[in-house]
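J.: all I have is the shape, not the residue letters:
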């Protein structure tokens, strides 16, 4: 299915990592550098069952210049809406100042 994307397509996944075949997407992005993927969900959940850092995927998506990674901060937890809204507002304000928040730090594990 990925081969049917136009070369300049933007693929966005905010649902579940497993909706898209991980290896196929990595290879497609590697071989089609004009295609962009914005990924907010992952195939592996870092720290879900352990405090040990882990990578969000088997393949190094974070090394590809045509991938935008998000931390999937939209979880539904009762009472966290105010915190979530404040974080979004701070992120938008930082972007308006030309700053970037919440960057991926591979050395720290995520």
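T.: Now that the structure is in, tell me what you want to look at. What you are looking at is a predicted structure, and each value in this text was computed from that prediction instead of being measured.
J.: list the beta-bridge partners for residue 10.
T.: Taking DSSP bridges as the rule, residue 10 bridges to residue 36.
J.: was I right to think it contacts residue 36?
T.: Yes - if you go by C-beta atoms under 8 Å, residue 10 and residue 36 touch, sitting 4.7 Å apart. Placement of C-beta: from N, CA and C, glycine included.
J.: of the two, who's got more company?
T.: Set residue 10 next to residue 36 and count neighbours by other C-beta atoms under 10 Å: residue 36 wins out with 17 against 12.
J.: would you map the strands across this structure?
T.: 10-13, 36-39, 67-69 (DSSP state E).
J.: show me the contacts for residue 16.
T.: residue 41 (C-beta atoms under 8 Å, 6 or more residues apart in numbering).
J.: can you pull the contacts of the closest residue to residue 34 other than its chain neighbours?
T.: Excluding its sequence neighbours, the residue lying closest to residue 34 (C-beta to C-beta, 6 or more residues apart in numbering) is residue 7, at 4.6 Å. Shown in contact with residue 7 (C-beta under 8 Å, 6+ apart): 32, 34-35.
J.: got TSV for these, with neighbour count and distance to residue 92 too?
T.: Listed next are the contacts of residue 7 as TSV, based on neighbours: other C-beta atoms under 10 Å; distance: C-beta to C-beta, whole Å:
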residue	neighbour count	distance to residue 92
32	17	30
34	10	28
35	20	27
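J.: show me the residue at the heart of the chain, geometrically.
T.: In the chain, the residue lying closest to the centroid (C-alpha atoms, centre = their mean) is residue 69, at 2.8 Å.
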